[in-house]
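Colleague: Compute the structure for the input listed below.
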Amino acid sequence: MPFFRYSRSLGRFFRIFVILTKRGILYLKLRTVFIPGQKDKKRIRKTGIDTAQFARVTLEKLGPTFIKFGQFMSVRPELLSAEVRYEFRSLQDKVPPFSFDEVIKILDTEFKVIHTEIFSEFDKAPVASASISQVHRARLLTGEEVAVKIQRPEIRKVMEADIIIMEFLAYLGERFIPRLRKNRPRMLVEEFSNWTERELDFQQEGKNAVHFYFHFKDYEGVKFPAVYPELTTEKILVMEFIKGRNLLDAQEEAIDRQAVVRRITESMLKQIFQDGFFHGDPHPGNILLLNGNTIAYLDFGIVGYLAKELREWSFDCLFGMAEGDINRVIDSFIELCNVNEDEIDVHAYRRRINEVLGDLHVCQICEIPFSSILERFLNTSLEYGLYVPADVVIMSKAITTLEGTIQSFAPEIKIIDFLKPYAQKFLIV
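Modeller: Residues are numbered from 1 along each chain as shown. Below is the predicted model of the structure:
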(Lines give C-alpha, C1' and ligand atoms only; values in the text may rest on other atoms or scores of the structure.)
Protein backbone atom coordinates (compact mmCIF):
# COMPACT_ATOMS: atom_id res chain seq x y z
CA MET A 1 0.00 0.00 0.00
CA PRO A 2 1.81 3.19 -1.13
CA PHE A 3 2.54 5.54 1.76
CA PHE A 4 2.09 8.77 -0.23
CA ARG A 5 -1.66 8.03 -0.35
CA TYR A 6 -1.74 9.01 3.34
CA SER A 7 0.92 11.74 3.49
CA ARG A 8 -1.58 14.63 3.53
CA SER A 9 -3.23 13.13 6.63
CA LEU A 10 -0.04 12.82 8.72
CA GLY A 11 -0.90 15.67 11.09
CA ARG A 12 -4.35 14.28 11.79
CA PHE A 13 -2.89 10.76 12.05
CA PHE A 14 -0.52 11.95 14.78
CA ARG A 15 -3.38 13.56 16.76
CA ILE A 16 -5.44 10.38 16.51
CA PHE A 17 -2.41 8.32 17.59
CA VAL A 18 -1.93 10.52 20.68
CA ILE A 19 -5.61 10.25 21.68
CA LEU A 20 -5.69 6.48 21.20
CA THR A 21 -2.44 6.05 23.12
CA LYS A 22 -3.73 8.10 26.07
CA ARG A 23 -7.04 6.25 26.05
CA GLY A 24 -5.25 2.89 25.79
CA ILE A 25 -3.05 3.66 28.79
CA LEU A 26 -6.10 4.87 30.75
CA TYR A 27 -8.00 1.71 29.81
CA LEU A 28 -5.16 -0.48 31.12
CA LYS A 29 -5.03 1.52 34.36
CA LEU A 30 -8.78 1.17 34.89
CA ARG A 31 -8.79 -2.46 33.80
CA THR A 32 -6.07 -3.64 36.20
CA VAL A 33 -5.26 -3.35 39.87
CA PHE A 34 -1.89 -4.20 41.38
CA ILE A 35 -2.08 -6.22 44.58
CA PRO A 36 0.89 -5.61 46.92
CA GLY A 37 2.71 -8.66 48.25
CA GLN A 38 1.80 -10.99 45.40
CA LYS A 39 4.07 -12.54 42.83
CA ASP A 40 4.12 -10.72 39.50
CA LYS A 41 1.89 -13.20 37.74
CA LYS A 42 -0.76 -12.74 40.44
CA ARG A 43 -0.55 -8.98 40.84
CA ILE A 44 -3.12 -8.11 38.21
CA ARG A 45 -6.86 -8.64 38.45
CA LYS A 46 -9.72 -7.52 36.25
CA THR A 47 -12.04 -4.70 37.31
CA GLY A 48 -15.58 -3.89 36.28
CA ILE A 49 -14.88 -1.22 33.65
CA ASP A 50 -17.70 -0.72 31.14
CA THR A 51 -15.84 -1.42 27.88
CA ALA A 52 -18.73 -0.31 25.65
CA GLN A 53 -19.01 3.03 27.43
CA PHE A 54 -15.23 3.49 27.30
CA ALA A 55 -15.29 2.89 23.53
CA ARG A 56 -18.11 5.43 23.09
CA VAL A 57 -16.22 8.14 25.00
CA THR A 58 -13.09 7.39 22.97
CA LEU A 59 -14.99 7.92 19.71
CA GLU A 60 -16.38 11.21 21.03
CA LYS A 61 -12.84 12.38 21.83
CA LEU A 62 -11.66 11.45 18.33
CA GLY A 63 -14.14 13.87 16.79
CA PRO A 64 -17.06 14.05 14.35
CA THR A 65 -15.92 11.43 11.82
CA PHE A 66 -15.45 8.78 14.47
CA ILE A 67 -18.71 9.74 16.17
CA LYS A 68 -20.47 9.23 12.83
CA PHE A 69 -18.60 5.94 12.40
CA GLY A 70 -19.89 4.77 15.78
CA GLN A 71 -23.43 5.73 14.77
CA PHE A 72 -22.92 3.87 11.49
CA MET A 73 -21.67 0.78 13.35
CA SER A 74 -24.60 0.89 15.77
CA VAL A 75 -26.81 -0.60 13.03
CA ARG A 76 -24.43 -3.50 12.25
CA PRO A 77 -25.51 -6.45 14.44
CA GLU A 78 -23.25 -8.82 12.52
CA LEU A 79 -20.16 -6.90 13.67
CA LEU A 80 -20.79 -5.55 17.18
CA SER A 81 -22.38 -6.96 20.28
CA ALA A 82 -25.80 -5.70 21.36
CA GLU A 83 -24.20 -3.99 24.37
CA VAL A 84 -21.76 -1.99 22.25
CA ARG A 85 -24.39 -1.10 19.64
CA TYR A 86 -26.75 0.15 22.34
CA GLU A 87 -23.99 2.34 23.80
CA PHE A 88 -23.01 3.71 20.38
CA ARG A 89 -26.61 4.83 19.74
CA SER A 90 -26.14 7.44 22.48
CA LEU A 91 -23.13 9.04 20.77
CA GLN A 92 -23.44 12.82 20.95
CA ASP A 93 -22.10 15.19 18.29
CA LYS A 94 -23.20 18.53 19.75
CA VAL A 95 -20.43 21.10 19.43
CA PRO A 96 -20.14 24.88 19.89
CA PRO A 97 -21.39 26.89 16.89
CA PHE A 98 -18.95 28.43 14.45
CA SER A 99 -18.84 32.21 14.16
CA PHE A 100 -21.43 34.35 12.38
CA ASP A 101 -18.64 35.87 10.24
CA GLU A 102 -17.96 32.36 8.89
CA VAL A 103 -21.68 31.88 8.30
CA ILE A 104 -21.84 35.04 6.17
CA LYS A 105 -18.70 34.04 4.26
CA ILE A 106 -20.20 30.65 3.36
CA LEU A 107 -23.54 32.20 2.37
CA ASP A 108 -21.96 34.79 0.07
CA THR A 109 -19.58 32.23 -1.47
CA GLU A 110 -22.23 29.58 -2.10
CA PHE A 111 -24.92 31.97 -3.41
CA LYS A 112 -22.39 34.08 -5.35
CA VAL A 113 -24.31 37.19 -4.24
CA ILE A 114 -24.45 39.16 -1.00
CA HIS A 115 -26.77 37.36 1.41
CA THR A 116 -28.82 40.54 1.95
CA GLU A 117 -30.02 40.17 -1.64
CA ILE A 118 -31.77 36.96 -0.55
CA PHE A 119 -32.64 37.40 3.13
CA SER A 120 -34.33 40.34 4.85
CA GLU A 121 -33.60 38.81 8.29
CA PHE A 122 -30.96 36.36 9.44
CA ASP A 123 -30.54 35.43 13.11
CA LYS A 124 -26.95 35.50 14.32
CA ALA A 125 -27.46 32.79 16.93
CA PRO A 126 -28.17 29.31 15.53
CA VAL A 127 -31.21 27.37 16.69
CA ALA A 128 -29.18 24.14 16.56
CA SER A 129 -25.52 23.21 16.22
CA ALA A 130 -23.93 19.81 15.52
CA SER A 131 -20.67 18.38 14.22
CA ILE A 132 -21.50 18.66 10.51
CA SER A 133 -23.71 21.75 10.39
CA GLN A 134 -25.74 24.36 12.22
CA VAL A 135 -29.18 25.85 11.55
CA HIS A 136 -30.22 29.53 11.58
CA ARG A 137 -33.68 31.09 11.35
CA ALA A 138 -34.03 33.62 8.55
CA ARG A 139 -36.61 35.39 6.39
CA LEU A 140 -36.53 35.68 2.62
CA LEU A 141 -37.06 39.00 0.86
CA THR A 142 -40.33 37.51 -0.37
CA GLY A 143 -41.49 37.17 3.25
CA GLU A 144 -41.24 33.43 3.95
CA GLU A 145 -39.65 32.35 7.25
CA VAL A 146 -36.99 29.72 6.58
CA ALA A 147 -34.47 27.47 8.31
CA VAL A 148 -30.98 27.69 6.79
CA LYS A 149 -28.74 24.68 7.38
CA ILE A 150 -25.07 25.52 6.82
CA GLN A 151 -22.22 23.03 6.61
CA ARG A 152 -19.41 23.52 9.11
CA PRO A 153 -16.26 25.06 7.53
CA GLU A 154 -13.62 22.53 6.46
CA ILE A 155 -15.68 19.60 7.82
CA ARG A 156 -15.44 17.77 4.50
CA LYS A 157 -11.63 18.02 4.52
CA VAL A 158 -11.48 16.80 8.13
CA MET A 159 -13.75 13.84 7.45
CA GLU A 160 -11.97 12.93 4.20
CA ALA A 161 -8.61 12.96 6.04
CA ASP A 162 -10.06 10.77 8.81
CA ILE A 163 -11.49 8.30 6.31
CA ILE A 164 -8.08 8.02 4.60
CA ILE A 165 -6.63 7.10 8.01
CA MET A 166 -9.44 4.60 8.56
CA GLU A 167 -8.61 3.02 5.17
CA PHE A 168 -4.96 2.68 6.24
CA LEU A 169 -5.89 1.12 9.60
CA ALA A 170 -8.34 -1.23 7.86
CA TYR A 171 -5.58 -2.29 5.45
CA LEU A 172 -3.23 -3.02 8.36
CA GLY A 173 -5.97 -4.91 10.17
CA GLU A 174 -6.74 -7.14 7.19
CA ARG A 175 -3.08 -7.82 6.52
CA PHE A 176 -1.80 -8.51 10.03
CA ILE A 177 -4.85 -9.63 12.07
CA PRO A 178 -6.33 -12.70 10.37
CA ARG A 179 -9.45 -12.87 12.56
CA LEU A 180 -10.52 -9.43 11.29
CA ARG A 181 -10.51 -10.48 7.63
CA LYS A 182 -13.93 -12.12 7.77
CA ASN A 183 -15.44 -8.72 8.71
CA ARG A 184 -13.85 -7.11 5.61
CA PRO A 185 -12.80 -3.85 7.33
CA ARG A 186 -11.73 -2.14 4.09
CA MET A 187 -15.13 -2.74 2.53
CA LEU A 188 -16.73 -1.51 5.77
CA VAL A 189 -14.77 1.76 5.58
CA GLU A 190 -15.81 2.13 1.94
CA GLU A 191 -19.48 1.73 2.95
CA PHE A 192 -19.00 4.33 5.68
CA SER A 193 -17.35 6.70 3.22
CA ASN A 194 -20.38 6.47 0.92
CA TRP A 195 -22.74 6.94 3.90
CA THR A 196 -20.82 10.05 4.99
CA GLU A 197 -20.83 11.47 1.48
CA ARG A 198 -24.64 11.38 1.52
CA GLU A 199 -24.73 13.28 4.81
CA LEU A 200 -22.34 15.93 3.49
CA ASP A 201 -24.34 16.52 0.31
CA PHE A 202 -27.11 18.93 1.29
CA GLN A 203 -28.52 18.87 -2.24
CA GLN A 204 -29.23 15.17 -1.78
CA GLU A 205 -30.75 15.84 1.63
CA GLY A 206 -32.95 18.46 -0.02
CA LYS A 207 -34.10 15.89 -2.58
CA ASN A 208 -34.89 13.47 0.25
CA ALA A 209 -36.99 16.15 1.95
CA VAL A 210 -38.87 16.80 -1.31
CA HIS A 211 -39.72 13.09 -1.55
CA PHE A 212 -41.09 13.07 2.00
CA TYR A 213 -43.04 16.27 1.37
CA PHE A 214 -44.62 14.72 -1.73
CA HIS A 215 -45.60 11.50 0.07
CA PHE A 216 -47.17 13.38 3.00
CA LYS A 217 -48.58 16.53 1.40
CA ASP A 218 -52.18 15.37 1.99
CA TYR A 219 -51.54 13.32 5.15
CA GLU A 220 -53.36 14.75 8.16
CA GLY A 221 -51.36 15.52 11.28
CA VAL A 222 -47.87 14.92 9.84
CA LYS A 223 -45.73 17.66 8.32
CA PHE A 224 -42.47 17.78 6.38
CA PRO A 225 -40.84 21.12 5.61
CA ALA A 226 -41.00 22.49 2.08
CA VAL A 227 -37.59 22.89 0.44
CA TYR A 228 -36.30 25.81 -1.64
CA PRO A 229 -34.25 23.97 -4.31
CA GLU A 230 -33.10 27.19 -5.97
CA LEU A 231 -31.44 28.21 -2.69
CA THR A 232 -29.96 24.81 -1.88
CA THR A 233 -26.32 23.96 -2.62
CA GLU A 234 -23.94 21.23 -1.52
CA LYS A 235 -23.21 23.23 1.67
CA ILE A 236 -26.49 25.09 2.26
CA LEU A 237 -30.03 23.75 2.64
CA VAL A 238 -32.93 26.21 2.85
CA MET A 239 -36.26 24.87 4.09
CA GLU A 240 -39.51 26.09 5.54
CA PHE A 241 -39.05 27.09 9.20
CA ILE A 242 -41.34 24.99 11.38
CA LYS A 243 -42.16 26.27 14.86
CA GLY A 244 -42.62 23.48 17.34
CA ARG A 245 -41.39 21.89 20.55
CA ASN A 246 -39.04 18.99 20.95
CA LEU A 247 -41.03 15.91 21.97
CA LEU A 248 -39.15 15.56 25.25
CA ASP A 249 -39.68 19.24 26.09
CA ALA A 250 -43.45 18.73 25.71
CA GLN A 251 -43.73 15.88 28.21
CA GLU A 252 -45.39 17.97 30.92
CA GLU A 253 -47.95 19.55 28.60
CA ALA A 254 -51.62 18.54 28.50
CA ILE A 255 -51.63 16.79 25.14
CA ASP A 256 -53.21 13.66 23.73
CA ARG A 257 -50.20 11.35 23.91
CA GLN A 258 -52.08 8.46 22.37
CA ALA A 259 -52.90 10.56 19.29
CA VAL A 260 -49.31 11.84 18.98
CA VAL A 261 -47.80 8.36 19.30
CA ARG A 262 -50.30 7.00 16.78
CA ARG A 263 -49.26 9.67 14.25
CA ILE A 264 -45.57 9.04 14.77
CA THR A 265 -45.93 5.26 14.52
CA GLU A 266 -48.35 5.14 11.59
CA SER A 267 -46.39 7.74 9.63
CA MET A 268 -43.18 5.70 10.06
CA LEU A 269 -44.95 2.47 9.09
CA LYS A 270 -46.35 4.25 6.00
CA GLN A 271 -42.85 5.37 5.04
CA ILE A 272 -41.44 1.87 5.42
CA PHE A 273 -44.15 -0.38 4.06
CA GLN A 274 -46.15 1.80 1.66
CA ASP A 275 -43.65 4.32 0.30
CA GLY A 276 -40.48 2.22 0.59
CA PHE A 277 -38.61 5.41 1.50
CA PHE A 278 -38.18 6.13 5.20
CA HIS A 279 -36.50 8.36 7.76
CA GLY A 280 -33.45 6.50 9.06
CA ASP A 281 -33.17 8.20 12.45
CA PRO A 282 -36.55 9.13 14.04
CA HIS A 283 -35.15 10.04 17.47
CA PRO A 284 -36.91 12.70 19.62
CA GLY A 285 -34.65 15.51 18.41
CA ASN A 286 -35.78 14.92 14.83
CA ILE A 287 -39.51 15.12 15.58
CA LEU A 288 -41.29 18.33 16.59
CA LEU A 289 -44.69 18.63 18.23
CA LEU A 290 -46.90 21.33 16.70
CA ASN A 291 -50.36 22.59 17.64
CA GLY A 292 -53.29 20.21 17.38
CA ASN A 293 -51.15 17.12 18.10
CA THR A 294 -49.51 17.54 14.68
CA ILE A 295 -45.92 16.29 14.31
CA ALA A 296 -43.14 17.43 12.00
CA TYR A 297 -40.02 15.53 10.92
CA LEU A 298 -36.57 17.11 10.58
CA ASP A 299 -33.12 16.06 9.30
CA PHE A 300 -33.21 13.95 6.14
CA GLY A 301 -29.55 13.06 5.62
CA ILE A 302 -29.99 9.39 6.54
CA VAL A 303 -32.82 7.57 4.79
CA GLY A 304 -33.62 3.96 3.93
CA TYR A 305 -35.07 2.36 0.81
CA LEU A 306 -37.10 -0.82 0.48
CA ALA A 307 -37.87 -2.21 -2.96
CA LYS A 308 -41.42 -3.51 -3.50
CA GLU A 309 -40.43 -7.16 -3.01
CA LEU A 310 -38.56 -6.41 0.21
CA ARG A 311 -41.52 -4.36 1.45
CA GLU A 312 -43.90 -7.25 0.87
CA TRP A 313 -41.76 -9.80 2.72
CA SER A 314 -40.94 -7.33 5.52
CA PHE A 315 -44.61 -6.47 5.90
CA ASP A 316 -45.47 -10.15 6.10
CA CYS A 317 -42.87 -10.53 8.88
CA LEU A 318 -44.40 -7.57 10.71
CA PHE A 319 -47.90 -9.01 10.42
CA GLY A 320 -46.67 -12.39 11.67
CA MET A 321 -45.02 -10.74 14.68
CA ALA A 322 -48.10 -8.67 15.47
CA GLU A 323 -50.29 -11.82 15.27
CA GLY A 324 -47.77 -14.06 17.04
CA ASP A 325 -47.68 -16.28 13.92
CA ILE A 326 -44.09 -17.50 14.22
CA ASN A 327 -44.18 -19.81 11.18
CA ARG A 328 -45.33 -16.93 9.00
CA VAL A 329 -42.45 -14.77 10.28
CA ILE A 330 -39.86 -17.48 9.61
CA ASP A 331 -41.17 -18.38 6.14
CA SER A 332 -41.29 -14.74 5.05
CA PHE A 333 -37.84 -13.98 6.44
CA ILE A 334 -36.27 -17.00 4.73
CA GLU A 335 -37.74 -15.71 1.46
CA LEU A 336 -36.57 -12.17 2.19
CA CYS A 337 -32.98 -13.34 2.80
CA ASN A 338 -33.02 -15.63 -0.24
CA VAL A 339 -31.82 -18.56 1.85
CA ASN A 340 -30.12 -21.52 0.22
CA GLU A 341 -31.29 -24.45 2.33
CA ASP A 342 -28.19 -26.43 1.38
CA GLU A 343 -25.98 -23.85 3.09
CA ILE A 344 -27.69 -23.49 6.49
CA ASP A 345 -29.42 -25.85 8.90
CA VAL A 346 -32.97 -24.62 8.34
CA HIS A 347 -34.52 -27.01 10.87
CA ALA A 348 -32.15 -25.88 13.63
CA TYR A 349 -32.77 -22.26 12.64
CA ARG A 350 -36.54 -22.72 12.88
CA ARG A 351 -36.25 -24.29 16.34
CA ARG A 352 -34.07 -21.45 17.60
CA ILE A 353 -36.27 -18.71 16.14
CA ASN A 354 -39.32 -20.33 17.74
CA GLU A 355 -37.58 -19.88 21.09
CA VAL A 356 -36.64 -16.26 20.34
CA LEU A 357 -40.09 -15.24 19.11
CA GLY A 358 -41.87 -17.09 21.88
CA ASP A 359 -41.68 -13.85 23.89
CA LEU A 360 -44.03 -12.16 21.40
CA HIS A 361 -47.01 -13.62 23.25
CA VAL A 362 -45.98 -12.08 26.58
CA CYS A 363 -44.02 -8.97 25.58
CA GLN A 364 -46.84 -6.61 26.65
CA ILE A 365 -47.51 -8.37 29.96
CA CYS A 366 -43.82 -8.68 30.85
CA GLU A 367 -42.96 -5.24 29.40
CA ILE A 368 -40.39 -6.68 27.00
CA PRO A 369 -39.58 -4.05 24.32
CA PHE A 370 -40.66 -5.14 20.86
CA SER A 371 -37.33 -3.87 19.50
CA SER A 372 -35.39 -6.23 21.79
CA ILE A 373 -37.25 -9.21 20.29
CA LEU A 374 -36.64 -7.84 16.78
CA GLU A 375 -32.93 -7.42 17.56
CA ARG A 376 -32.62 -10.94 18.98
CA PHE A 377 -34.38 -12.24 15.89
CA LEU A 378 -31.90 -10.50 13.56
CA ASN A 379 -28.87 -11.50 15.64
CA THR A 380 -29.95 -15.14 15.68
CA SER A 381 -30.55 -15.09 11.91
CA LEU A 382 -27.04 -13.74 11.37
CA GLU A 383 -25.57 -16.39 13.68
CA TYR A 384 -27.14 -19.08 11.49
CA GLY A 385 -25.59 -17.60 8.36
CA LEU A 386 -28.55 -15.76 6.84
CA TYR A 387 -27.62 -12.71 4.77
CA VAL A 388 -29.84 -9.85 5.91
CA PRO A 389 -30.11 -7.05 3.28
CA ALA A 390 -28.55 -3.77 4.48
CA ASP A 391 -31.79 -1.83 3.99
CA VAL A 392 -33.61 -4.30 6.24
CA VAL A 393 -31.00 -3.68 8.94
CA ILE A 394 -31.54 0.10 8.56
CA MET A 395 -35.30 -0.51 8.80
CA SER A 396 -34.88 -2.48 12.03
CA LYS A 397 -32.71 0.32 13.43
CA ALA A 398 -35.39 2.86 12.51
CA ILE A 399 -38.06 0.78 14.28
CA THR A 400 -35.79 0.40 17.32
CA THR A 401 -35.21 4.18 17.40
CA LEU A 402 -38.94 4.74 16.94
CA GLU A 403 -39.76 2.57 19.95
CA GLY A 404 -37.13 4.40 22.01
CA THR A 405 -38.72 7.72 21.01
CA ILE A 406 -42.15 6.49 22.08
CA GLN A 407 -40.82 5.17 25.39
CA SER A 408 -39.16 8.53 26.12
CA PHE A 409 -42.29 10.49 25.29
CA ALA A 410 -45.03 8.22 26.65
CA PRO A 411 -43.65 5.18 28.54
CA GLU A 412 -47.13 3.81 29.16
CA ILE A 413 -47.78 3.35 25.42
CA LYS A 414 -46.34 0.32 23.60
CA ILE A 415 -45.49 0.25 19.89
CA ILE A 416 -46.93 -3.23 19.48
CA ASP A 417 -50.38 -1.78 20.33
CA PHE A 418 -50.29 -0.09 16.90
CA LEU A 419 -48.60 -2.79 14.82
CA LYS A 420 -51.47 -5.27 14.70
CA PRO A 421 -54.25 -2.85 13.64
CA TYR A 422 -51.92 -1.24 11.09
CA ALA A 423 -50.97 -4.61 9.61
CA GLN A 424 -54.61 -5.76 9.51
CA LYS A 425 -55.64 -2.52 7.80
CA PHE A 426 -53.23 -2.87 4.91
CA LEU A 427 -52.82 -6.63 4.60
CA ILE A 428 -53.77 -7.92 1.16
CA VAL A 429 -54.94 -11.51 1.55
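Colleague: what sits up against the helix or strand hosting residue 163?
Modeller: Here residue 163 sits within helix 155-176, counting by DSSP states H and E. By C-beta atoms under 8 Å, 6 or more residues apart in numbering, the list of residues contacting helix 155-176 from outside reads 1, 5-6, 8-9, 12-13, 16, 63-66, 68-69, 131-133, 180-181, 184-186, 188-189, 192-193, 196, 200. Backbone N, C-alpha and C define where each C-beta goes, glycine included.
Colleague: Domains in this protein, by residue range?
Modeller: Structural domains assigned to the chain are 94-242, 244-429, following automatic domain parsing.
Colleague: Serialize these to JSON lines and add fields for distance to residue 87, mean pLDDT and mean neighbour count.
Modeller: Supplementary listing: those in JSON lines, determined by distance: least, C-beta to C-beta, whole Å; pLDDT from 0 to 100; neighbours: other C-beta atoms under 10 Å:
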{"stretch": "domain 94-242", "distance to residue 87": "17", "mean pLDDT": "92", "mean neighbour count": "16"}
{"stretch": "domain 244-429", "distance to residue 87": "13", "mean pLDDT": "83", "mean neighbour count": "17"}
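Colleague: With distance to residue 25 as new columns, can the ones you listed be given to me in JSON lines?
Modeller: Listed next are those as JSON lines, based on distance: least, C-beta to C-beta, whole Å:
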{"stretch": "domain 94-242", "distance to residue 25": "19"}
{"stretch": "domain 244-429", "distance to residue 25": "33"}
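Colleague: The spatially most central residue of the chain: what's it in contact with?
Modeller: Centroid-nearest residue in the chain: residue 281, 4.6 Å away (criterion: C-alpha atoms, centre = their mean). When contacts are counted by C-beta under 8 Å, 6+ apart, residue 281 touches 299, 302, 398, 401.
Colleague: returning to that earlier point: and the contacts of helix 155-176, which of them are in helices?
Modeller: 12-13, 16, 64-66, 68-69, 185-186, 188-189, 192-193, 196, 200 (DSSP state H).
Colleague: isn't residue 293 right up against residue 258?
Modeller: No. Residue 293 lies out of contact with residue 258 (C-beta atoms under 8 Å); the separation is 9.4 Å.
Colleague: Looking at the ones in helices among the contacts of helix 155-176, which is nearest residue 417?
Modeller: Comparing these against residue 417 with C-beta to C-beta places residue 68 closest, at 33.8 Å.
Colleague: Could you measure from the closest one over to residue 199?
Modeller: Going from residue 68 to residue 199 by C-beta to C-beta, to the nearest Å gives 7 Å.
Colleague: Kindly point out which residues are neighbours of both of these two.
Modeller: residue 132.
Colleague: Just confirm residue 95 is within a helix.
Modeller: No. Assessed with DSSP: H, G, I helix; E, B strand; the rest coil, residue 95 is coil; it does not lie in a helix.
Colleague: show me the contacts for it.
Modeller: 64, 129-131.
Colleague: Which pair of the residues you listed spans the longest distance?
Modeller: So, the contacts of residue 95 by C-beta to C-beta: farthest apart are 64 and 129, at 12.0 Å.
Colleague: can you give me the helices in the stretch 1-150 of the chain?
Modeller: Using DSSP state H, counting those that start in this stretch, the helices assigned to the stretch 1-150 of the chain run over residues 10-31, 51-62, 64-73, 82-88, 100-111.
Colleague: Next, the buried residues of the first one.
Modeller: With burial defined by 16 or more other C-beta atoms under 10 Å, the residues of helix 10-31 counted as buried are 12-13, 16, 23.
Colleague: report the angle between the axes of it and helix 51-62?
Modeller: 150 degrees (axes from the mean of the first three to the mean of the last three C-alpha atoms, to 10 degrees).
Colleague: average pLDDT for helix 10-31?
Modeller: Mean pLDDT, helix 10-31: 78.
Colleague: Next, the angle from that helix to helix 64-73.
Modeller: Going by the same axes, to 10 degrees, helix 10-31 makes 60 degrees with helix 64-73.
Colleague: tell me what the helix or strand hosting residue 278 is packed against?
Modeller: For residue 278, the enclosing helix or strand under DSSP H and E is strand 277-279. Secondary-structure packing of strand 277-279 (3 or more C-beta pairs under 8 Å, 6 or more residues apart in numbering; DSSP states H and E): helix 202-216, strand 303-305, helix 390-409.
Colleague: want to throw the ones you listed into a markdown table with distance to residue 352?
Modeller: Listed next are the helices and strands packed on strand 277-279 as a markdown table, based on distance: least, C-beta to C-beta, whole Å:
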| stretch | distance to residue 352 |
| --- | --- |
| helix 202-216 | 38 |
| strand 303-305 | 27 |
| helix 390-409 | 18 |
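Colleague: wouldn't residue 369 be in contact with residue 399 here?
Modeller: No. When contacts are counted by C-beta under 8 Å, residue 369 is not listed as touching residue 399 (10.7 Å).
Colleague: thinking again about what came up before, for the helix or strand that the strand holding residue 278 is followed by, which outside residues touch it?
Modeller: Later in the chain than strand 277-279, the nearest helix or strand by DSSP H and E is strand 287-289. For strand 287-289, the external contacting residues (C-beta under 8 Å, 6+ apart) are 242, 244-247, 250, 255, 260, 264, 295-298, 405.
Colleague: Can you name the two of those residues that sit furthest apart?
Modeller: 255 and 298 (19.0 Å).
Colleague: Please report phi then psi for residue 293.
Modeller: Main-chain dihedrals, residue 293, degrees, to the nearest 10: phi 60, psi 20.
Colleague: what does residue 218 give?
Modeller: phi -110, psi 20.
Colleague: That one and residue 279, how far apart?
Modeller: Residue 218 is 18 Å from residue 279, by C-beta to C-beta.
Colleague: again with residue 406
Modeller: For residue 406 relative to residue 279 (C-beta to C-beta), the value is 14 Å.
Colleague: Could you do residue 56 as well?
Modeller: Counting by C-beta to C-beta - residue 56 and residue 279 are separated by 24 Å.
Colleague: same question, residue 87
Modeller: 23 Å.
Colleague: same question, residue 338
Modeller: Applying C-beta to C-beta to residue 338 and residue 279 gives a distance of 27 Å.
Colleague: same deal with residue 407?
Modeller: Taken as C-beta to C-beta, the span from residue 407 to residue 279 is 18 Å.
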